[in-house]
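Q: Need coordinates for the below:
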Amino acid sequence: MTRMGRTDPGASELSRARMSEEEFRALYRRLRDQRPWGPGDRRGALNHLTSAGTQAAASEVRLGRTVSLAAPVEGDVTPDNPDPARHLMKGIPGTGRGVAFGMDRIEMNIHGNADSHLDALCHVSFDGELYNGVPVDTITANGATELTVGLAANGVVGRGVLLDIPRTRGVPWLEPGEHVTVDDLLAAEQAQGVRAGRGDILLVAVGHRRRRRERGPWNAAAYRAGLHPEVMPLLADRQIAVLGSDGNNDVAPSVTEKVDFPIHVLAVNALGVMLLDYLQFGDLIRICEEADRWTFLCVIAPLRLPHGTGSPINPIAVL
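A: Residues are numbered from 1 along each chain as shown. Okay, here's the model as predicted:
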């Protein structure tokens, strides 16, 4: 397959970047078969994040500054959020004497295209199986019983590495349909003086949130920037623990024939890499540019949903 350069892709370039179903399935089998863990494994790439790695990540804290990587939960109907979260007031304190309480309830679609969330290893099935051959019937109407977000109940804490692809390309954002290549990742590492490695929480900025803020919401389910499937062997070789983006990691329309979410399939299903979708990097990018460094302590704390296929999240970067 021809790799794309770092210029805006035209129609002919997008055509060359497409991956056939046969090519994709060969890549899927290659990544699946190179997993270093046995058939009983249920942690996936979290195995790359060791206690020693977490201790080392703490040394990234030098400024004592914290920044959220989550977007505010939105309640408005927009083209990318047709089923928004509902924040309901269940109790409003009166003005009388004595104790009273304000009471809230929230309802949300965890895996939507607007709110920041984590995808657990039970989120993606392919050819009738979940990660590591776990049967899909482990997901029932009452929730999942295997590979749930409960695997991250104690939090995921490690070194975060942010690669800002629009910055490297010299553009404000990648347009919907554009994709991040291996060349993009390597160029960003060189420009930013970093190298993602074993146990890292890799965050790849495509500028989705900035484009949404400046241009307004659009149908992100149908059109969005993301990663090309060709990047996954590099991330597997680097032993990345978690992958996140300010989009949902996948390009739309898909560049892969008959597979709409190739990154989700390769990351979650083949490699056991939990995904962080629709994060927000604006504040983090500003601090990283000021400090001239792109690594930090990253703390991910999903809700304790024992049977969940994912969770809303508010990851925190500590610099």
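Q: Give me the contact list for the host helix or strand of residue 27.
A: Taking DSSP states H and E as the definition, residue 27 sits inside helix 21-33. Helix 21-33 has contacts (Cβ atoms under 8 Å, 6 or more residues apart in numbering) with 1, 19, 126, 229, 232-233, 236, 256-259, 262, 265-266, 269-271. (Glycine included, C-beta is placed from N, CA and C.)
Q: ok, 7 Å please
A: Applying Cβ atoms under 7 Å, 6 or more residues apart in numbering, the external contacts of helix 21-33 come out as 1, 229, 232-233, 236, 256-259, 262, 265-266, 270-271.
Q: With stretch 125-140 instead?
A: Contacts for stretch 125-140 (Cβ under 7 Å, 6+ apart): 39, 41, 44, 121-122, 144-147, 265, 268-269, 272.
Q: in the chain, which segments are predicted with low confidence?
A: Residues of the chain meeting the criterion pLDDT under 70: 1-16.
Q: Tell me where the longest strand sits in it.
A: Ranked by residue count and defined by DSSP state E, the top strand of the chain is strand 156-164.
Q: helices and strands around that strand, which ones?
A: Here strand 156-164 touches helix 51-57, helix 182-192, strand 201-205, helix 282-291, strand 295-300, going by 3 or more Cβ pairs under 7 Å, 6 or more residues apart in numbering; DSSP states H and E.
Q: Deepest in the core, which of the ones you listed is it.
A: Of the helices and strands packed on strand 156-164, the one with the most neighbours on average (mean count of other Cβ atoms under 10 Å) is strand 201-205, at a mean of 26.
Q: How is residue 166 assigned, secondary-structure-wise?
A: Under DSSP: H, G, I helix; E, B strand; the rest coil, residue 166 falls in the helix class.
Q: ok, how many other residues are close to the closest residue to it other than its chain neighbours?
A: Take residue 166 and drop its neighbours on the chain: the residue closest to it by Cβ to Cβ, 6 or more residues apart in numbering is residue 207, 4.2 Å away. Close neighbours of residue 207, defined as other Cβ atoms under 10 Å, add up to 25.
Q: Could you do the one 3 residues further on as well?
A: When neighbours are defined as other Cβ under 10 Å, residue 210 has 18 of them.
Q: give me every residue that touches it.
A: Going by Cβ under 7 Å, 6+ apart, residue 210 touches 172, 173, 282.
Q: if I pick residue 285, what's in contact with it?
A: 164, 205.
Q: any idea how far residue 240 is from it?
A: Residue 285 is 20 Å from residue 240, where distance means Cβ to Cβ, to the nearest Å.
Q: wait, doesn't residue 114 sit right on residue 74?
A: Yes: applying Cβ atoms under 7 Å, one finds residue 114 in contact with residue 74, separated by 5.6 Å.
Q: With neighbour numbers in mind, choose between those two.
A: residue 114 (25 against 17).
Q: that older thread, quick one: which of the contacts of residue 210 is nearest to residue 82?
A: Of all the contacts of residue 210, the one with the least separation from residue 82 (Cβ to Cβ) is residue 173, at 22.6 Å.
Q: Next, the closest residue to residue 249 other than its chain neighbours: phi, psi?
A: What sits nearest to residue 249 in space, not counting adjacent residues and going by Cβ to Cβ, 6+ apart, is residue 263, at 4.7 Å. In terms of degrees, to the nearest 10, the main-chain angles of residue 263 are phi -70, psi -40.
Q: Kindly report the same for residue 180.
A: phi -90, psi 130.
Q: which residues touch it?
A: Here residue 180 is in contact with 165, 204, 206, 226, 227, 228, 231 (Cβ under 7 Å, 6+ apart).
Q: Residue 65 now?
A: 287, 319.
Q: Report how many residues lie close to residue 243.
A: By the criterion of other Cβ under 10 Å, residue 243 has 27 neighbours.
Q: Please name the bridge partners of it.
A: When bridges are called by DSSP bridges, residue 243 pairs up with residue 202, residue 275.
Q: Equivalent analysis for residue 144, please.
A: Going by DSSP bridges, residue 144 forms beta bridges with residue 139.
Q: Quickly note the distance from it to residue 123.
A: Counting by Cβ to Cβ, the gap from residue 144 to residue 123 is 9 Å.
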